[in-house]
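# This is the structure alone, sequence omitted:
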């Protein structure tokens, strides 16, 4: 973003800063970056939080910014947690942005595509910021130690543990550095001493926001890709962060039908059994059943043929109108219906030697389509062979009927 040859950097050096949406996890420097950008282009830095501000507060900010604009001073309005504003509040930024009264820099931890209005997004450039890696966290820690005037009293192993505990959050790391520096210690802290000092930090995860859906997606794709270790890892991430185990199980039941299907018909039964086992056992023993299910699903043969067949059938149902089933496919409970040909030509399959009469049950006038196309993986190989035999007999019956 700020590289020497970056177009964004060149625009800043030319004194022009577009409105921005800074999207990233907590503690990666969104507020700091906005403050530095304001200084780089000589704009007055004004900061508000969408959590504590309303329309009246915005009106005051806009009026003050307009006053500065009249004197030739621009305003960078930094809005933290901008996704917390409702649609009307977000729309209130549009006229002042277009007029040039403010340069908006919004910060959000949520996906702007879902959290912000399209009109606002069309007037701002989205910049994605990622969690800080270990090298960046170490650099922050060294700067903190320089500011403190002394190295933190940590063993090398404890220092590495602190970086891991920060989980990409620079704000948390600096807070802990300040706290550790203020301790009265007779000796350096080892890993156990550090754990007691900082207690336990929960992984970054909001069960109702992006983390929730990102990990659920990663779990399903890991199972679909038969990566059992990754699937178990994402399951553990969700459970350790306090996700409702029934949400995890619901996703696994979907996976059993959508991604495994008839390649292993037992997968769905095991998924339901795991759900029942969890509800019977509760926490934490019920997690064992979840782990068993995840490892089974990830290593099972995969097929989405049944899933795709239903989607195609729904599409055909929407596009094909409402044709009547053929006469032999419906019952004739009354004399009138018999006289009209209902049930005519029906053959009871169990009365035939093969157990299959070979009748075509597709509606007359609707072109037949092969909706379900079994794969040759797992149990679906035998299903494919049976389906082919049924199709052949149905074709023969169609040719010989009067």
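Cool, the structure landed. If you're wondering where the values come from, they're calculated on a predicted model, not measured in any experiment. Residues are numbered from 1 along each chain as shown.

# In this structure residue 359 contacts residue 347, no?
Yes. Counting by Cβ atoms under 8 Å, residue 347 is a contact partner of residue 359 at 6.3 Å. From N, CA and C alone the C-beta is placed, and that goes for glycine too.

# list residues touching both of the two?
residue 328 (Cβ atoms under 8 Å, 6 or more residues apart in numbering).

# which of those two has more neighbours?
residue 359 (17 against 13; other Cβ atoms under 10 Å).

# Helix, strand, or coil at the more buried one?
Classification of residue 359 by DSSP: H, G, I helix; E, B strand; the rest coil places it in coil.

# Need the per-residue pLDDT for it.
We have a pLDDT of 89 for residue 359.

# Tell me which stretches of the stretch 151-300 of the chain form helices.
156-166, 170-181, 191-198, 210-224, 228-240, 245-255, 266-281, 286-299 (DSSP state H, counting those that start in this stretch).

# The first one - contacts with which helices or strands?
For helix 156-166, the packing partners by 3 or more Cβ pairs under 8 Å, 6 or more residues apart in numbering; DSSP states H and E come out as helix 134-148, helix 170-181, helix 191-198.

# Which stretch among the ones you listed approaches residue 20 most closely?
Set against residue 20 and scored by Cβ to Cβ, the helices and strands packed on helix 156-166 come closest in helix 170-181, at 19.2 Å.

# Same question for the closest one: list its buried residues.
Using 16 or more other Cβ atoms under 10 Å as the test for burial, helix 170-181 gives 170-174, 176-177, 180-181.

# now do stretch 351-359
Buried positions in stretch 351-359, judged by neighbour count with 16+ other Cβ under 10 Å: 356-359.

# Mind listing residues that contact the longest helix anywhere in the chain?
If you go by DSSP state H, the chain has its longest helix at helix 380-400. With Cβ under 8 Å, 6+ apart as the test, helix 380-400 has contacts from 261-263, 301, 303, 305, 354, 356-360, 370, 372, 374-376.

# what does stretch 24-34 give?
20, 22, 45, 47, 76, 78, 80, 105, 107, 109, 128-132, 166, 168-173, 204.

# number of nearby residues for the nearest residue to residue 262 once chain neighbours are set aside?
Closest residue to residue 262 apart from its sequence neighbours, by Cβ to Cβ, 6 or more residues apart in numbering: residue 380 at 4.8 Å. A count of neighbours around residue 380, defined by other Cβ under 10 Å, yields 25.

# pLDDT score for residue 380?
91.

# So it versus residue 137, what's the distance?
Residue 380 is 48 Å from residue 137, where distance means Cβ to Cβ, to the nearest Å.

# Wasn't residue 78 part of a helix?
No. Looking at residue 78 with three-state DSSP, it is strand, so not inside a helix.

# got the contact list for residue 84?
50-51.

# circling back: of the helices and strands packed on helix 156-166, which shows the lowest average pLDDT?
helix 191-198 (a mean of 79).

# Show me what it is packed against.
Counting by 3+ Cβ pairs under 8 Å, 6+ apart, helix 191-198 packs on helix 156-166, helix 170-181.

# Just the buried positions in that helix, please.
193-194, 197-198.

# Repeat that for stretch 120-129.
120, 124, 127.

# swap in stretch 227-237?
In stretch 227-237, the ones that count as buried by 16+ other Cβ under 10 Å are 227-228, 230-232, 234-235, 237.

# Next, format the residues you listed as a markdown table and append pLDDT.
Below are the buried residues of stretch 227-237 laid out as a markdown table (pLDDT from 0 to 100):
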| residue | pLDDT |
| --- | --- |
| 227 | 92 |
| 228 | 92 |
| 230 | 93 |
| 231 | 93 |
| 232 | 94 |
| 234 | 92 |
| 235 | 94 |
| 237 | 89 |
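
# and which of those residues is nearest to residue 337?
residue 231 (53.6 Å).

# Surely that closest one is in contact with residue 222?
Yes. Under the criterion of Cβ under 8 Å, residue 231 makes contact with residue 222 at 4.0 Å.

# shared neighbours of these two, which are they?
Joint contacts of residue 231 and residue 222 (Cβ under 8 Å, 6+ apart) are residue 298.

# Let me have the helices and strands packed on helix 156-166 in CSV, extended by distance to residue 52.
Formatted as CSV, these follow (distance: least, Cβ to Cβ, whole Å):
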stretch, distance to residue 52
helix 134-148, 27
helix 170-181, 18
helix 191-198, 28
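
# between these, which one is nearest to residue 214?
That would be helix 170-181 among the helices and strands packed on helix 156-166, by Cβ to Cβ, at 19.9 Å.

# packing partners for that closest one?
helix 134-148, helix 156-166, helix 191-198.
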